[in-house]
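Participant: Using only what follows, build the 3D model:
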Amino acid sequence: MRRTKKIVFTVIIALLVATAAAFAAPSPQLLKQGMSGDEIYKLQIKLLEFGYLEDTPDGTFGSQTKAAVQEFQLDVGLAADGVAGPATLKALRDYKPAAGQTSRAPGDSRKGQQLVAFAKQFVGVPYVWAGRSPGGFDCSGFISYVYGNFGVQLPRMADGQFEVGAPVSRRNLTYGDLVFFSTYEPGPSHVGIYIGGGKFIHASSGAEEVVITPMNKQYYLERYLGARRIIR
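Facilitator: Okay, here's the model as predicted:
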């Protein structure tokens, strides 16, 4: 009888310990598009604080929140799936912006602003395969022409341009930085110029002309490879 009571007591203790552990260490959260509630609101507040979210937090995980999560994931080296799982939430908790940094845009160089102003003159110019003049541009031809106007000679193709200059994180993009994407083939197959405000200018085969596009447009967000700073 005494042995039976001891076994029952041991089982009860084990169950209590297991229950306490379950409450002390809840299952990892998985926040994704379509969800809503307090946890989504807290996520949005963090994204807004670090400069990734432009919309007002509303507790609803929509497409803008997903894009903000993807941008943050890219910056911290996580898979950019737009789902705020345990690794992403931990990265947000631990994230430390650079000293004095209050937004995603650092001080912009005067030459970079001049280069962007020059590039904007060509919005609407037709996309032409292998084109590199105001009569028609392809993506890398547009870059070569714009930079050439400022005395900077760049390789003709996007993959060659990707090897030039200094790497720069997405968070620290500034006027005139080159942004690269993997589009029709693996590797850097498309390139544009960052113009500030979370946008870039490029000769787009899809649009069939030189256009300005948000960096967080889903197509480009999913294909972003990196950036290079050519001018300082």
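
Participant: So which residue is smack in the middle of the protein?
Facilitator: Nearest to the geometric centre of the chain sits Glu71, at 2.7 Å (CA atoms, centre = their mean).

Participant: you'd agree it is up against Asn216?
Facilitator: Yes: counting by CB atoms under 8 Å, Glu71 does reach Asn216; the two are 6.1 Å apart. The C-beta positions use only the backbone N, C-alpha and C, and glycine is treated the same way.

Participant: now the strands for this protein?
Facilitator: Shown for the chain, the strands assigned by DSSP state E span residues 132-133, 136-137, 166-168, 178-181, 190-196, 199-204, 209-214, 224-229.

Participant: Can you give me the pLDDT of Gln33?
Facilitator: We note a pLDDT of 91 for Gln33 in this prediction.

Participant: Also Arg232?
Facilitator: Per-residue pLDDT puts Arg232 at 71.

Participant: Give the closest residue to the residue nearest to the centre of the chain in space, chain neighbours not counted.
Facilitator: In this structure, Glu71 finds its nearest non-sequential neighbour in Tyr52, 5.3 Å apart by CB to CB, 6 or more residues apart in numbering.

Participant: got the contact list for that neighbour?
Facilitator: Counting by CB atoms under 8 Å, 6 or more residues apart in numbering, Tyr52 touches Ala68, Val69, Glu71, Phe72, Arg104.

Participant: try 7 Å this time
Facilitator: Each residue near Tyr52 by CB atoms under 7 Å, 6 or more residues apart in numbering is listed here: Ala68, Glu71, Phe72.

Participant: With pLDDT and distance to His202 as added columns, please give the residues you listed in a markdown table.
Facilitator: As requested, these are exported to a markdown table (pLDDT from 0 to 100; distance: CB to CB, whole Å):
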| residue | pLDDT | distance to His202 |
| --- | --- | --- |
| Ala68 | 84 | 22 |
| Glu71 | 81 | 18 |
| Phe72 | 86 | 23 |
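
Participant: Which single one of the residues you listed is nearest to Leu225?
Facilitator: Nearest to Leu225, judged by CB to CB, of those is Glu71 at 14.1 Å.

Participant: Quickly note the distance from the closest one to Gly198.
Facilitator: In this view, Glu71 and Gly198 are 9 Å apart by CB to CB, to the nearest Å.

Participant: Now do the shared contacts for those two.
Facilitator: Asn216.

Participant: what's near enough to touch the residue nearest to Leu31 when sequence neighbours are not counted?
Facilitator: Nearest non-adjacent residue to Leu31, counting by CB to CB, 6+ apart: Ala84, 4.0 Å away. Neighbouring residues of Ala84 by CB under 7 Å, 6+ apart: Leu31, Leu43, Val69.

Participant: Run a quick neighbour tally on the first one.
Facilitator: What that stands for is Leu31. Number of residues near Leu31 (other CB atoms under 10 Å) recorded here: 20.

Participant: let's number from 31 now, not from 1
Facilitator: Okay, using 31 as the starting number, the last item reads as Leu61.

Participant: Just to check, it is in contact with Phe91?
Facilitator: Yes: here Leu61 reaches Phe91: they are 6.3 Å apart, a contact under CB atoms under 7 Å.
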